[in-house]
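Participant: Fold the stuff below for me.
(one chain, ligands or ions: 2)
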Amino acid sequence: MHAKGNPCSCCSFDDYKCTAEWLLNKTRHRPKIAVICGSGLGLLADSVSNKQTFRYEDIPNFPVSTVPGHEGCLVFGDLKEKSCVFMQSRFHLYEGYSLCKVTFPVRIFKLLGVETIIVTNASGGLCKDIKAGDIMIIKDHINLPGFAGQHPLCGPNDERFGIRFPCMSDAYNKDLRKLALDISQQLGYSDFVREGVYCMVSGPNFETIAEARMLHILGSDSVGMSTIPEVTVAKHCDLRVLGLSLITNKVSLDYSREEKVNHEEVLEMCKMRAEMFQNLVNTIIAKCDQVDGINSN
Ligand SMILES: O=P(O)(O)O[C@@H]1C[C@H](O)[C@@H](CO)O1
Ligand code: HPA
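Facilitator: Ligands and ions are numbered 1, 2, ... in the order given. Purely as a prediction, here's the structure:
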């Protein structure tokens, strides 16, 4: 299980290969699109046909999810005639997993033949013109844990996945972002869909007011506890990435405000916006072969 001499003592190429081969032997699906469902967003997998579901605990080397609102299943199926795989739960640093484990599924997707990944999350809105219930297409990110050395690509680089020093200035595919914006307009969602910068904190506590102010000054439009490790590993192994964030709450930047954020409120907002979010994701999947170089069948 553990790679010999690997200082991160986590996953070896053989671990990834073993899991990918196990899945390829158990399913006839050959997905080109993967979707990671954020907190409370597991229903994104509900509309697939020819569904085949694997519980995480049954998949060799897969971590298990410990967070309420995360179902713990890998769902293969067809959506709008595209073969897809959905992660109905992700793994978080605050659950105690190493970033190697947090991002383990992304490299499995690569080995399964996935080319495009849609990463979703719930996050708190920091900038003035963003409201709870809005959807933010992630344009860029600030990897705060990465600044402190909590980075999924630290440790020996495996050239079979990607290069030692990957560029991140174009982590979020420009054509996919444009497609998402165009589709939002066609669906009549323009009033509540916008682009922005997502910042990751490790969690599990929500931010203090001073921290939230700092993140806002640094250029973050929203803050959450996930996504960036998965996106970083996806970009490293040359997957096309689209990031979508459901703004579930406004983060308090003001000492005079009384409201206090909690996880139940996050899940409640996901429920309220589920249909709209699902409609957006499904339409993006339906049309993503309009984007150059995307083979989604
Ligand atoms: O998995 P995501 O990033 O969607 O989950 C968010 C961040 C925390 O895990 C949780 C806080 O309510 O929701
Ligand atoms: O306000 C928040 N902060 C951090 N993570 C979050 N996930 C949902 N809302 C938030």
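
Participant: Gln52 touches Cys73, doesn't it?
Facilitator: No: the criterion here is C-beta atoms under 8 Å, and Gln52 misses it with Cys73 at 10.3 Å. No exception for glycine: its C-beta is placed from N, CA and C like everyone else's.

Participant: So for the two, which sits in the more crowded spot?
Facilitator: Cys73 (20 against 15; other C-beta atoms under 10 Å).

Participant: Tell me, how many residues neighbour the closest residue to ligand 2 within the stretch 101-250 of the chain?
Facilitator: In the stretch 101-250 of the chain, the residue that lies nearest ligand 2 is Gly124 (2.1 Å; C-beta to the nearest ligand atom). Gly124 is flanked by 26 other residues according to other C-beta under 10 Å.

Participant: what is it paired to in the beta sheet?
Facilitator: Beta-bridge pairing for Gly124 (DSSP bridges): Val223, Asn249.

Participant: Tell me how far it lies from ligand 1.
Facilitator: Per C-beta to the nearest ligand atom, to the nearest Å, Gly124 is found 8 Å from ligand 1.

Participant: same deal with Gln185?
Facilitator: Distance from Gln185 to ligand 1, counting by C-beta to the nearest ligand atom: 25 Å.

Participant: and what of Pro60?
Facilitator: 23 Å.

Participant: Determine the number of other residues adjacent to that residue.
Facilitator: Neighbours of Pro60 using other C-beta under 10 Å come to 12.

Participant: Verify the stated contact: it with Cys18.
Facilitator: Yes: using C-beta under 8 Å, Pro60 is in contact with Cys18, at 5.9 Å.

Participant: And what about Gly77, helix, strand or coil?
Facilitator: strand (DSSP: H, G, I helix; E, B strand; the rest coil).

Participant: for the closest residue to it other than its chain neighbours, what are its contacts?
Facilitator: Setting aside the residues directly before and after it, Gly77 is nearest to Val48 in space (C-beta to C-beta, 6 or more residues apart in numbering), at 2.9 Å. By C-beta atoms under 8 Å, 6 or more residues apart in numbering, the contact list for Val48 reads 75-79, 84, 86.

Participant: Please apply the same query to Val193.
Facilitator: Contacts of Val193 (C-beta under 8 Å, 6+ apart): 134-137, 180-181, 184, 280.
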